[in-house]
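[1] Just the structure for this:
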Amino acid sequence: MHPLLNSINLPDDLRKLERAQLPQLADELRRFMIESVSKTGGHLSSNLGTVELTIALHYIYNTPDDRLVWDVGHQTYTHKILTGRREAMGRLRMAGGIAGFPKREESPYDAFGTGHSSTSISAALGMAVAAQLEGSERHAVAIIGDGALTGGMAFEALNNAGAMDANLLVILNDNDMSISQPVGALNNYLAKLMSGRFYAAMRRGSEKMLKGMPPVLEFAKRAEEHVKGMVTPGTLFEEFGFNYIGPIDGHDLDVLVDTLDNIRRLTGPQFLHVVTQKGKGYAHAEQDSVLYHGVSKFDPVNGISAKPCTRPSYTEVFGEWLCDMAAQDERLVGITPAMCEGSGMAEFAERFSARYFDVGIAEQHALTFAAGLACDGYKPVVAIYSTFLQRAYDQLIHDIAIQNLPVVLAIDRGGLVGADGATHAGSFDLSYLRCIPNVTVMAPADEDECRQMLYTAFQLGTPSAVRYPRGCGPGAAVNQEMRVLPLGKGELRRAGRRVAILAFGSMLAPALAAAEQLDATVANMRFVKPLDAELVLRLAREHELLVTVEENAVQGGAGSAVAECLQQHGVAVPLLHLGLPDCFIEQGEHAQMLADCGLDAAGMVKTITAPTHLSK
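    I've put the predicted structure just below:
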């Protein structure tokens with residue numbers, strides 16, 4: 001069914017093909033990718049858009065010796081398929097299978113591991129400088145999507161790279177036409193011309209000849225910039241010190257191969273602007289590239305996928321609350337770092353467009369922008385994934401917490417995230433949040449509690465965080481009326497004997513199930529900070545063993561807060577901490593991942609009843 005693709009096991013096989021065969025290979029790759037992802041789920045539309053670009057890169061560059069650094073990783077499925085992992089695509093993003101992103105341990109062709117955006121130029125520059133220091137002719141290429149180019153780190157790297165003479169190529173995969181429309185024969189011709197050795201030699205020779213006549217040299221440079229500026233949007237990148245080439249059609253293999261072949265012979269920092277179409281070759285994804293950006297298993301014929309859970313997700317609960325709260329308070333503004341749909345803000349963006357701000361993939365800016373709004377009387381709500389909040393830690397401390405500003409952090413994807421693996425897991429937020437003064441940290445145990453905590457956070461007038469997991473909750477009915485929860489107060493959910501389980505957030509449901517077998521007491525702690533010290537001390541006095549359980553790293557997490565409380569009050573009681581272990585947890589089914597960590601009901605019972613923890 002895929003005769004040409006089946007003959008490609010590594011890029012060396014690809015480089016043996018005739019150029020005339022490459023379009024057929026591209027067609028087969030798209031069909032294979034649609035079939036494969038429909039069975040596993042994954043990122044589809046962005047990967048369909050980079051088929052020809054990936055083929056051309058491996059066709060021209062001597063990978064893996066030449067380094068390809070992919071930004072984010074949402075565009076690397078073709079790369080994985082062509083580098084020995086075609087059969088492994090059947091277990092994409094599954095336990096024991098290949099990752100959805102580049103991973104150095106997985107293949108020598110994955111030059112750099114990427115799950116967060118805007119890192120490719122920095123990493124590729126480091127590799128280019130390493131080659132320079134070694135005296136090697138090895139090439140380094142960064143492939144960055146235009147969304148990732150909104151991240152400040154990308155511009156920091158561009159600024160640094162342009163001042164060096166390292167042989168670095170940055171490819172802008174402009175995949176939603178946000179920068180440039182005019183792709184056609186003229187632009188393709190100009191790109192070939194500007195990437196050619198004759199043009200480069202003429203440019204260098206002219207500069208050398210005119211150095212003795214500074215006014216003429218300056219005039220010539222300005223004239224060149226003016227001419228290129230009329231037909232290309234590259235002035236910005238030229239100002240950074242790059243030789244800008246493009247835009248070119250990212251689906252024209254002849255143009256891609258010729259241009260990359262020319263660029264490979266050039267020296268110094270080069271910038272190639274390639275325009276591609278998200279979802280290319282699959283009608284459903286072409287019509288709605290956002291919907292098909294990340295998909296669960298789907299029918300490749302009609303494009304329909306089944307919703308994994310019929311109950312409202314925590315993300316949906318947040319989205320509904322945000323709209324309800326915005327209708328009540330005109331001071332509310334919603335901010336997202338390029339995760340509108342993923343964070344549940346689509347309806348808010350439509351209904352309250354004047355108060356909706358997508359700042360791009362710029363988490364640091366998002367928090368300081370929120371701080372500025374808060375200084376002038378607004379009440380910002382920043383919807384952000386736990387794993388991405390890590391990127392704005394200084395801004396949280398310096399710009400929000402020190403100034404005690406009323407910013408609400410709605411932190412999605414707290415805890416393990418299943419198929420997206422370690423790069424996207426929210427394993428550390430309870431640890432890194434609770435050590436910051438002025439910040440209130442809450443963790444809801446169900447959908448209704450999530451809504452009420454968001455409302456409570458909004459009323460505080462100080463920095464606050466509501467941290468909730470990915471996917472659906474246990475199915476609690478959501479009360480449309482909103483109420484303020486007592487600050488720093490948990491609740492007793494089950495009375496038992498000997499053992500008291502202090503459950504934080506998503507761990508309440510398995511804790512209650514375990515308690516039925518143990519006849520244990522269970523407290524829904526609700527607040528990580530301020531901790532309910534009164535409840536902790538009472539449970540310590542009345543039980544032989546306290547057990548803390550959280551979907552967060554044990555080190556420095558909620559359990560550590562309980563230990564500190566007991567020590568502060570001079571209370572000695574056996575204390576067992578259950579949480580995520582001190583390692584990065586690979587992808588898999590969420591329920592199985594929790595079980596592997598001993599965080600399901602059976603695991604809790606087994607650990608608690610071990611002779612070292614609970615004597616008979």
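
[2] is it true that residue 161 touches residue 242?
    Yes - counting by Cβ atoms under 8 Å, residue 161 sits close enough to residue 242 to count as a contact (7.5 Å). C-beta coordinates here come from the backbone N, C-alpha and C atoms, glycine included.

[3] Name the residue in the two with the higher neighbour count.
    residue 161 (25 against 21; other Cβ atoms under 10 Å).

[4] residue contacts, that one?
    Contact analysis of residue 161 by Cβ atoms under 8 Å, 6 or more residues apart in numbering lists 121, 125, 128, 168, 170, 240-242, 269.

[5] Closest to residue 323 out of these?
    Nearest to residue 323 out of those is residue 121 (Cβ to Cβ; 37.6 Å).

[6] quick one: contacts of the helix or strand harbouring residue 325?
    Assigned by DSSP states H and E, residue 325 falls within helix 314-328. Residues outside helix 314-328 that contact it (Cβ under 8 Å, 6+ apart) are 312, 332, 334, 342-348, 351-352, 355, 381, 383, 410, 412, 444, 447, 450-451, 454-455, 458, 468-473, 478, 480, 482.

[7] which stretches of the stretch 51-200 of the chain form strands?
    67-70, 140-145, 168-174 (DSSP state E, counting those that start in this stretch).

[8] for the record, mean pLDDT for the shortest one?
    For strand 67-70, mean pLDDT rounds to 97.

[9] now do stretch 450-468
    On average, stretch 450-468 scores 98.

[10] from the contacts of residue 161, which is closest to residue 541?
    Distances from residue 541 to the contacts of residue 161, taken by Cβ to Cβ, are shortest for residue 121, at 57.5 Å.

[11] For the closest one, which residues are in contact?
    142, 144, 154, 157-158, 161, 168, 170.

[12] Check residue 590 too.
    Contact analysis of residue 590 by Cβ under 8 Å, 6+ apart lists 416-418, 470-471.

[13] now do 7 Å
    416, 418 (Cβ atoms under 7 Å, 6 or more residues apart in numbering).

[14] From residue 467, how far off is residue 387?
    12 Å (Cβ to Cβ, to the nearest Å).

[15] And these two? Which one has more around it.
    Neighbours around residue 387 and residue 467, counted as other Cβ under 10 Å, are more numerous at residue 467. The numbers are 29 against 23.

[16] for that one, what are its contacts?
    Neighbouring residues of residue 467 by Cβ under 7 Å, 6+ apart: 386, 411, 414, 429-430, 441-443, 505.

[17] again, only using 8 Å
    Residue 467 sits next to 386, 411, 414, 426, 429-430, 433, 441-443, 505, 528 when contact means Cβ under 8 Å, 6+ apart.

[18] coming back round to it: using CSV, lay out the contacts of residue 121 together with distance to residue 565.
    Output for the contacts of residue 121, formatted as CSV (distance: Cβ to Cβ, whole Å):
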residue, distance to residue 565
142, 48
144, 46
154, 43
157, 44
158, 48
161, 50
168, 52
170, 51
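
[19] Nearest to residue 520 among the residues you listed?
    Distances from residue 520 to those, taken by Cβ to Cβ, are shortest for residue 154, at 50.7 Å.

[20] For the stretch 301-450 of the chain, just list every one of the strands.
    Ranges of strands within the stretch 301-450 of the chain are 332-336, 356-358, 379-385, 408-412, 440-442, based on DSSP E, counting those that start in this stretch.

[21] Which residues does the third one contact?
    Residues from elsewhere that reach strand 379-385, judged by Cβ under 8 Å, 6+ apart: 318, 322, 325, 329, 331-337, 339, 342-345, 363, 366-367, 369-371, 373-374, 392, 406-413, 424, 426, 458.
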